[in-house]
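Colleague: Okay, predicted coordinates and the sequence, questions at the end:
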Amino acid sequence: MPPTNHRRQDRRKAVFPVKVHGKDVTGESFEEMAHTLDVTPTGARLGSVRRELQVLDPVTVWYRKRKMEFRVVWITKLKGSSEYHIGLQALAQEKEVWGLNPADFPVHQEKPATAAASA
């Protein structure tokens, strides 16, 4: 059986400098520079995060002069490094969040269940 892609839209590789503000797992407030690794209209994957964050915690991301609110959906520590990659989900749908054309992100259609799968 092929792996299932749960994404509603494709990711686009994009390295943008961002400022991240939130609270780490110890509850300490922080603000630091990071960068995107890839983006969608409803989220992003960040690299160069030096703080351990907690899943479901809110973070604020500034890109250019735009302030965006996200929720942490996953976090991974890179082996042999103090760096984390984090997956973010937008708390509000905004147009052209990253300055990219929405047509650059094709929408995945749900496939109807087959008769064999329901038997």
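Modeller: Alright, I've got the coordinates. It should be emphasised that the depicted structure is a prediction, and the values quoted were computed from it without experimental measurement.
Colleague: going forward, measure contacts and count neighbours with C-alpha atoms only.
Modeller: Noted.
Colleague: For Arg71, grab the count of nearby residues.
Modeller: By other Cα atoms under 10 Å, 18 other residues sit near Arg71.
Colleague: Now for it: which residues touch it?
Modeller: Val55, Leu56, Asp57, Pro58, Val59, Leu88, Gln89, Ala90, Leu91 (Cα atoms under 8 Å, 6 or more residues apart in numbering).
Colleague: Bridge partners for Val20, pull those for me.
Modeller: Per DSSP bridges, the residues bridged to Val20 are Glu32, Val61.
Colleague: same question but for Tyr84, I mixed them up
Modeller: Tyr84 has the following beta-bridge partners by DSSP bridges: Val49, Lys77.
Colleague: Let me know the pLDDT of it.
Modeller: As predicted, Tyr84 sits at a pLDDT of 98.
Colleague: Ok, Met1 next?
Modeller: 47.
Colleague: do the same with Thr4
Modeller: Confidence at Thr4, expressed as pLDDT, is 49.
Colleague: Can you list the residue ranges for helices in the protein?
Modeller: For the chain, applying DSSP state H gives helices covering 115-118.
Colleague: what stretches of it score poorly on pLDDT?
Modeller: Residues of the chain meeting the criterion pLDDT under 70: 1-9, 101-119.
Colleague: Good, wrapping up.
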